[in-house]
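Q: let me see the structure of the following:
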Amino acid sequence: MLRFTDEHEWLAREGDVATVGITTHAAEQLGDLVFIELPKVGARLMKGEAAAVVESVKAASDVYAPVSGEVTEVNDAAVADPSSIGSDPQGAGWLYRIRLDDPSALDDLMDEAAYAAFPK
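A: Next up, the predicted model:
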């Protein structure tokens with residue numbers, strides 16, 4: 001089950017860990033990605049703070065932490081090839097995984113139907 005933010009991040013929960021990335025819409029708006037900076041494994045993120053940076057030929061954009069928790073893994077393949085985010089943003093282009101401080105925090109995010117209806 002995917003959850004979405006109004007900042008165009010997505011989360012996929014597996015137990016107490018969620019995988020985080022940017023949505024297809026966000027990737028399309030950014031265009032060709034040339035650089036990404038991800039949080040360090042072990043970093044503590046607070047909901048709403050800048051967690052990563054994605055940079056395209058058009059602009060650089062912060063990716064915000066949609067929930068609070070500890071980073072457990074980052075996508076090194078996406079760092080090596082940022083274009084993978086643009087080609088498969090909601091799959092192989094995931095950014096990082098976070099151990100959720102409060103799994104119920106996902107209830108505050110949009111489900112797929114609500115995100116599809118969200119003005120872009």
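Q: and the most centrally placed residue in the chain, what helix or strand is that in?
A: Closest to where the C-alpha atoms of the chain average out (Cα atoms, centre = their mean) is residue 21, at 2.4 Å. Here residue 21 is covered by strand 17-22, with elements defined by DSSP states H and E.
Q: just the mean pLDDT for stretch 2-21, thanks.
A: For stretch 2-21, the mean per-residue pLDDT is 96.
Q: circling back to that earlier point, hey, what's the residue nearest to the centre of the chain bridged with?
A: residue 10 (DSSP bridges).
Q: quick one: the nearest residue to residue 56 once chain neighbours are set aside from residue 24, how far?
A: Closest residue in space to residue 56, ignoring its immediate chain neighbours: residue 30 at 4.2 Å, by Cβ to Cβ, 6 or more residues apart in numbering. Every residue, glycine included, has its C-beta placed from N, CA and C. Distance of residue 30 to residue 24, computed by Cβ to Cβ, to the nearest Å: 11 Å.
Q: thank you kindly, that will do.
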